[in-house]
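> Sequence plus the predicted model coming up.
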Amino acid sequence: MAPVLALEGISKRFGAVQALKDVSLEVHAGEVVALVGDNGAGKSTMIKVIAGVGPPDEGEIHWEGRPVTIHSPSEAQSLGIATVYQDLALCDNLDVVGNLYLGNEIRRLGVLDEVAMEKRSRDLLNTLSIKIPSVRIPVASLSGGQRQTVAISRSLLGEPKVVLLDEPTAALGVEQTAQVLDLVERLRAQNLGVILISHNMVDVKAVADRVAVLRLGQNNGVFDARTTTQEEIIAAITGASDNAVSRRRQRSEGGT
Amino acid sequence: MSDTQGPASDAQVDPRLLVREEGLAGYLGEARRRIKGGELGPLPVIIGLVVIWIVFQTLNDRFLSAQNLSNLSVDIVATGLISVGIVFVLLLGEIDLSAGAVSGACAAILAVLSVNQGWNPVLAIIVSVAVGATMGLIHGFFFAKIGVPSFVVTLAGMLAWTGFQLWVLGPNGTINLPDGLISDLTGTYFAYVIAAYGLAALATAAFLIVSLAGNARRRKAGVPSRSMGDIVFRTAVLAVVAFGAAYILNLYRGLPLALLIFLAVVVVTDFVLRRTKYGRSIFAVGGNIEAARRAGINVAFIRMSVFAISGSFAALGGIFAASRIASASQATGQSNVLMMAIAAAVIGGTSLFGGRGSTFSALLGMLVIQSIASGMALQGVSNSIQFMVTGAVLLAAVVIDSVSRRSQKASGRA
Ligand SMILES: Nc1ncnc2c1ncn2[C@@H]1O[C@H](COP(=O)(O)OP(=O)(O)O)[C@@H](O)[C@H]1O
Ligand SMILES: [Mg+2]
């Protein structure tokens, strides 16, 4: 089956910096692809290419098998690509329903249809088994994990086929990280393609099907998450088996 | 927002949280949660108002007389209208320091057009409000498009429009308004008993019908709805307040036209803020600009339009101020008018930090301020003390605002 989204030979430079060079990436429906790499490897640049925020200088994008160009966020959205950025950009003063529908309010005779929006919000959160005390409390009073799930849910209202998540668990505790990873698995179960940026190898191993490694703006291998060890992934990220991370591990293993 | 969690609908809901019990226990639990979460709403100001009324009534039993309360209800209108515009600006998390000057300048324009130029008063009012809107739009342009901080733009506006006011009024400095439509704005009372009671009945019935219809829709859609007892209780409270006010107004001269206009403005603007996409966008911009922008909201348009609204209501307030004393002068809109309008909004519960508030706070806050002024005047207390007391009340309101914002943040990191 053709991947729902495939990028090939993507290059992008910012002045003197070659942020991406000949990078390829694909994601299938019902698949979680982790995009990993060291700081400055080009992960965010890649996300921006897909989200239409920063179109590539070179390269091809295929959507469900046909070539497309994505020049703006709205073009990405209308294809079916939803993006959840690292800073969630929720309005703390609005309630969950208000945030979910911000900018896409349902109206009835020109007036906000709170009942319809609340009903659909509850249905959406229910299908994702998201636990939130009430859809009518300001998001300011939600925990970090709950806020993340609200932000992800918001991106799902447009019924996308691919969801981009930029470090969704970066600021979260153990319990809340588990909630978000559960949600990622449910997105996969609903046959969405998910591209997940993460620095946390445990999270990556836990939910990803495949791991695409970027290093210095180039592909450095795509791994099957089940059969690859963390060490191998870290080696691909850092570019050598002899690196600070593996040296530390060897020291501590030798010490015990 | 005090919806109970209906039985059919709490599959997704963590049972430990926010399942409101029925009846009194439910109310108390809800109240406790809100206080802890910093969502106080209009509660502090209503309590404050009751305390103020009790204190002044014990000091002087003419305070709660029909005549005094009726006058009070007209005295709040001019500054209250300015305060409605201030609420819009505060919701963005911005400030409009020009509102007093704009009100004075627009009152001067009204007087010159209608008296000196002999224009039709209705036309003069329309032009005056349009000028106020334009002044606000100018502030909004420099703020939204050029990026000048709002307090600086409107400070410049305050100076410039005060000068404009003096220039328009010319060497005499005062223009008296003859009897007519403009002075009737604050001088008209609907003396028929039926007017005030009719309005009270209308408001109560409308509230009940809207509540019931909304509830029926919610039940049909399977989302949490209010209990019947809840709706009856709210309607009863409204009925007591509305009919009580009508009774008192009828004891004196009946329903004042100015109060009717002010109430209509408050209700309509509240509806716009809470029930339209435009109002929701204002809250969003005040809550998180980046989120608003990403949601496709035209932030510059929202900002400019809000300052235009503030300018329009400032002009309207100036017109009512001129009407009340039947003249437009160099003093119109000057001295403490701006401070009172801002204080009223904040005392009434609109946050200085943006994103939280309601135009009802203009009404409630003005009632507090004017009650203090009126009560002190009855006691023969000097202006100096009045200012100090009002300042203290404002400080209390800002403290409540700041503390509730903090506890909201604290309870948010559960
Ligand atoms: N807008 C930009 N202008 C200039 N350089 C940029 C810009 N965005 C990213 N870069 C550069 O591109 C490289 C990749 O950045 P980025 O994609 O943010 O990495 P990552 O998200 O993997 O940490 C970095 O060297 C960064 O400095
Ligand atoms: Mg990054």
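Structure's in. What do you need? Ligands and ions are numbered 1, 2, ... in the order given.
> which sections of the chain are below the confidence cut-off?
By default, I'm working from chain A. A:241-250, A:252-256 (pLDDT under 70).
> wait, chain B
The model of chain B has pLDDT under 70 over residues B:1-27, B:30-31, B:33-40, B:408-414.
> measure the residue nearest the centre of it to A:Val180 for me?
In chain B, the C-alpha closest to the average C-alpha coordinate belongs to B:Ala362, at a distance of 2.1 Å (Cα atoms, centre = their mean). Shown here: B:Ala362 relative to A:Val180, a distance of 42 Å by Cβ to Cβ, to the nearest Å. From N, CA and C alone the C-beta is placed, and that goes for glycine too.
> now do A:Asp57
Spatial separation of A:Asp57 from A:Val180 under the definition Cβ to Cβ is 33 Å.
> and if you look at A:Arg226?
When Cβ to Cβ is applied, the distance between A:Arg226 and A:Val180 equals 21 Å.
> Which one's more surrounded, those two?
Taking neighbours as other Cβ atoms under 10 Å in any protein chain shown, A:Arg226 and A:Val180 compare with A:Val180 leading, 22 against 9.
> these two touch, right, the more buried one and A:Ala170?
No. Using Cβ atoms under 8 Å, A:Val180 is not in contact with A:Ala170, being 10.3 Å away.
> hey, where'd the helices end up in the stretch 301-414 of chain B?
Assigned by DSSP state H, counting those that start in this stretch, the stretch 301-414 of chain B shows helices spanning B:337-347, B:360-379, B:383-412.
> now the second one against helix B:337-347, angle please.
Taking axes from the mean of the first three to the mean of the last three Cα atoms, to 10 degrees, one finds that helix B:360-379 is oriented at 120 degrees with respect to helix B:337-347.
> Likewise for the longest one?
Orientation of helix B:383-412 against helix B:337-347 (the same axes, to 10 degrees) gives an angle of 40 degrees.
> Please identify the buried residues of helix B:383-412?
Of the residues in helix B:383-412, those buried by neighbour count under the rule 16 or more other Cβ atoms under 10 Å in any protein chain shown are B:386, B:389-390, B:393-394, B:397, B:400-401, B:404-405, B:407-408, B:412.
> Could you dump those residues into a markdown table with distance to chain A added?
As requested, the buried residues of helix B:383-412 are arranged in a markdown table below (distance: Cβ to the nearest Cβ, whole Å):
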| residue | distance to chain A |
| --- | --- |
| B:Gln386 | 34 |
| B:Val389 | 31 |
| B:Thr390 | 28 |
| B:Val393 | 25 |
| B:Leu394 | 22 |
| B:Ala397 | 18 |
| B:Ile400 | 17 |
| B:Asp401 | 13 |
| B:Ser404 | 11 |
| B:Arg405 | 9 |
| B:Ser407 | 10 |
| B:Gln408 | 5 |
| B:Gly412 | 4 |
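> which helices and strands does the helix or strand containing B:Leu238 pack with?
When secondary structure is defined by DSSP states H and E, B:Leu238 falls within helix B:228-251. Other helices and strands packing on helix B:228-251, by 3 or more Cβ pairs under 8 Å, 6 or more residues apart in numbering or on different chains; DSSP states H and E, are helix B:66-91, helix B:193-221, strand B:255-256.
> Could you export these to CSV, including columns for distance to ligand 1 and mean neighbour count?
Compiled in CSV, the helices and strands packed on helix B:228-251 are given as follows (distance: least, Cβ to the nearest ligand atom, whole Å; neighbours: other Cβ atoms under 10 Å in any protein chain shown):
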stretch, distance to ligand 1, mean neighbour count
helix B:66-91, 33, 26
helix B:193-221, 43, 16
strand B:255-256, 61, 25
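> okay if I get the ones you listed as CSV plus distance to chain A?
Compiled in CSV, those are given as follows (distance: least, Cβ to the nearest Cβ, whole Å):
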stretch, distance to chain A
helix B:66-91, 9
helix B:193-221, 5
strand B:255-256, 29
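> Can you say which of the ones you listed is nearest to B:Gln379?
With respect to B:Gln379, and counting by Cβ to Cβ, the nearest of the helices and strands packed on helix B:228-251 is helix B:66-91 at 12.4 Å.
> What residues of stretch A:230-243 count as buried?
Under the neighbour-count rule (16+ other Cβ under 10 Å), stretch A:230-243 has A:Ile233, A:Ile234, A:Ala235, A:Ala236, A:Ile237, A:Thr238 buried.
> The second one against A:His199, yeah?
No. With contact defined as Cβ under 8 Å, A:Ile234 does not count as touching A:His199 (11.0 Å).
> Neighbours of whatever residue of the stretch 101-250 of chain B ends up closest to ligand 1, how many?
Across the stretch 101-250 of chain B, no residue is closer to ligand 1 than B:Gly147, which sits at 21.6 Å (Cβ to the nearest ligand atom). Using other Cβ under 10 Å as the criterion, B:Gly147 is surrounded by 7 other residues.
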